[in-house]
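[1] Build me a model from this:
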Amino acid sequence: MAYAEVCRLEDLADNKPHQLTVDGFDLAVVKVDDAVYAVDDLCTHAAVSLSEGDVENCRIECWMHGSMFDLRTGEPSGPPATEPVATYATKIEDGLVLVDIDQQTNDA
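    Next up, the predicted model:
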């Protein structure tokens, strides 16, 4: 699959996760400063939606148990999660946010 358009950049508020579905995959898409990140929307610890959590310092927090994941790498920063979430390649073209779900940027 090539990059798929998921939304307009102007529709993303800084540090606020948005749940978007791309080719049947639920993603948490987050704008942080001038970058956009896409990760699997499910926490690897409790399988709840990360897009319902908070974002700070380029980390997304699971609302249920407080697991934190780096949006750039998917790595958890402490318990209870021990497994990373998958992260996906993103780019911005002509004000559109594009995600490639076939191009994971980590080994999750």
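[2] Backbone dihedrals for the residue lying farthest from the centre of the chain, please?
    The centre of the chain is farthest from one residue, residue 94, which by CA atoms, centre = their mean lies 21.0 Å away. Note on residue 94: its backbone torsions stand at phi 50, psi 40 [degrees, to the nearest 10].
[3] ok, it to residue 104 distance?
    Separation of residue 94 from residue 104 (CB to CB, to the nearest Å) stands at 25 Å. Any C-beta I mention is one placed from the backbone N, CA and C, and that applies to glycine too.
[4] Likewise for residue 47?
    Counting by CB to CB, the gap from residue 47 to residue 104 is 19 Å.
[5] So for those two, which residue has more residues nearby?
    Between residue 47 and residue 104, counting by other CB atoms under 10 Å, residue 104 is the more crowded of the two (14 against 10).
[6] mind listing what residue 13 touches?
    residue 31 (CB atoms under 8 Å, 6 or more residues apart in numbering).
[7] cool, and residue 104?
    Residue 104 is in contact with 86-89, counting by CB under 8 Å, 6+ apart.
[8] Any of those residues buried? List them.
    86-88 (16 or more other CB atoms under 10 Å).
[9] how near is residue 27 to residue 74?
    12 Å.
[10] Which residues are in contact with each of these two?
    Joint contacts of residue 27 and residue 74 (CB under 8 Å, 6+ apart) are 39-40.
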